[in-house]
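In: heads up, no residue letters with this:
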């Protein structure tokens with residue numbers, strides 16, 4: 001892809017605004033690639049430089065390896081050279097992550113999202129081994145996902161600094177929420193940081209994150225682009241105004257229940273998708289949750 005077509009470049013591999021994209025399903029639970037392409041086009045049209053597919057918001061725990069590859073192909077076909085496509089290859093089995101990484105590279109993905117191994121709680125040496133083994137398996141740049149709330153263990157500052165020495169581990173999707181730890185890594189490495197917790201987007205941009213890896217970006221990418229531009233310009237008042245205006249939307253999507261549930265409901269509410277089907281164990285939003293979502297999106301100025 002030509003680096004001139006988006007904000008992504010060799011120096012900034014995943015752009016500024018990145019959304020962790022949903023995986024649409026038909027009412028019978030089957031993969032809906034046509035709608036996935038519609039969502040991908042919508043997100044890029046709204047201002048996303050990159051799309052993260054096959055992640056948690058994409059319900060990756062319930063899609064097969066074959067479905068993940070099909071989704072990569074479909075997304076690439078939809079967005080062409082207008083955005084980078086990053087594929088999640090997360091697993092708590094390093095060998096399986098390697099297989100998924102190689103399959104993603106073969107399918108044409110531009111980068112890999114690699115999450116801390118979850119549930120089995122490896123020590124830091126095991127975490128380092130996992131990330132470096134996956135990074136060694138392909139020629140693609142790696143976005144390391146630090147999310148102890150899901151993984152059960154953090155990637156420590158020391159481990160991140162060691163991982164930063166790997167030529168293909170280039171960035172961090174940070175959902176740890178530790179401003180001091182993040183600042184220390186930024187001060188001592190060349191890793192690019194993307195905020196992975198929408199409630200902290202402005203704070204992380206202020207300490208040096210280059211962008212966001214968002215869920216709320218499904219419905220607020222233009223606003224987030226404006227906020228990043230304001231930060232770049234040193235216009236803190238404008239950035240604060242945008243951030244504060246979006247608080248109801250962030251709370252509705254990210255705190256009422258699981259984010260994939262609410263963001264699918266939001267996309268259905270805004271007419272981007274027809275069905276908000278999820279795969280078990282996730283379930284669709286309740287009537288009460290939809291009422292709250294509608295109110296909060298209106299308050300945030302995202303729907304009329």
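Out: Okay, I see it. Since the model is a prediction, treat every value here as computed from it, not as a measurement.

In: how about the helices in this structure?
Out: Assigned by DSSP state H, the helices in the chain fall at 33-45, 65-79, 94-107, 124-137, 148-151, 157-163, 179-188, 201-207, 217-232, 236-245, 247-254, 259-269, 287-299.

In: Nearest to residue 194 among those helices would be which one?
Out: helix 201-207 (8.2 Å; C-beta to C-beta). Where C-beta positions appear, they are placed from N, C-alpha and C, glycine not excepted.

In: Would you mind telling me which of the helices of the chain is nearest residue 86?
Out: So among the helices of the chain, helix 94-107 is nearest, using C-beta to C-beta, at 8.9 Å.

In: Give me the contact list for the closest one.
Out: Contacts with helix 94-107, where a contact means C-beta atoms under 8 Å, 6 or more residues apart in numbering, come from 54, 65, 68-69, 72-73, 76, 87, 89-91, 112, 114, 117, 129-130, 133-134, 137-140.

In: Check which residues of stretch 154-169 are buried.
Out: For stretch 154-169, burial by neighbour count (16 or more other C-beta atoms under 10 Å) applies to 154-157, 159-160, 162-164, 168-169.

In: quick one, phi/psi of the nearest residue to residue 147 once chain neighbours are set aside?
Out: Nearest non-adjacent residue to residue 147, counting by C-beta to C-beta, 6 or more residues apart in numbering: residue 175, 4.0 Å away. Backbone torsions of residue 175, given as degrees, to the nearest 10, read phi -120, psi 30.

In: Residue 175 is in contact with residue 198, isn't it?
Out: No. Using C-beta atoms under 8 Å, residue 175 is not in contact with residue 198, being 9.7 Å away.

In: More neighbours: which of these two?
Out: residue 198 (25 against 21; other C-beta atoms under 10 Å).

In: so what's the more buried one up against?
Out: If you count contacts by C-beta under 8 Å, 6+ apart, then residue 198 has 212, 214-217, 246, 250, 253-254 around it.

In: Tell me which two in these are the farthest apart.
Out: Of all pairs in the contacts of residue 198, the most separated under C-beta to C-beta is 212 and 253 at 13.8 Å.

In: for stretch 60-67, what is the average pLDDT?
Out: Averaging pLDDT along stretch 60-67 yields 98.

In: got the end-to-end distance for that stretch?
Out: Stretch 60-67 has an end-to-end distance of 9 Å (criterion: C-alpha to C-alpha, to the nearest Å).

In: Pull the distance from stretch 219-232 to the chain's centre.
Out: Stretch 219-232 sits 16 Å away from the centroid of its parent chain (C-alpha atoms, centre = their mean, to the nearest Å).

In: Okay, buried residues for it please.
Out: In stretch 219-232, the ones that count as buried by 16+ other C-beta under 10 Å are 219-228, 230-231.

In: List just the nearest of those to residue 186.
Out: Distance to residue 186, by C-beta to C-beta, is smallest for residue 231 among the buried residues of stretch 219-232, at 14.8 Å.

In: wait, doesn't that closest one sit right on residue 239?
Out: Yes. With contact defined as C-beta under 8 Å, residue 231 reaches residue 239; the gap is 5.0 Å.

In: between those two, what contacts are shared?
Out: With C-beta under 8 Å, 6+ apart as the test, residue 231 and residue 239 both reach 202, 205.

In: State the distance from residue 135 to residue 197.
Out: Look at residue 135 and residue 197: by C-beta to C-beta, to the nearest Å, they are 24 Å apart.

In: Same question for residue 182.
Out: Remark: distance between residue 182 and residue 197 (C-beta to C-beta) = 11 Å.

In: Mind listing the shared neighbours of these two?
Out: Residues within reach of residue 182 and of residue 197 at once, by C-beta under 8 Å, 6+ apart, are 174, 204.
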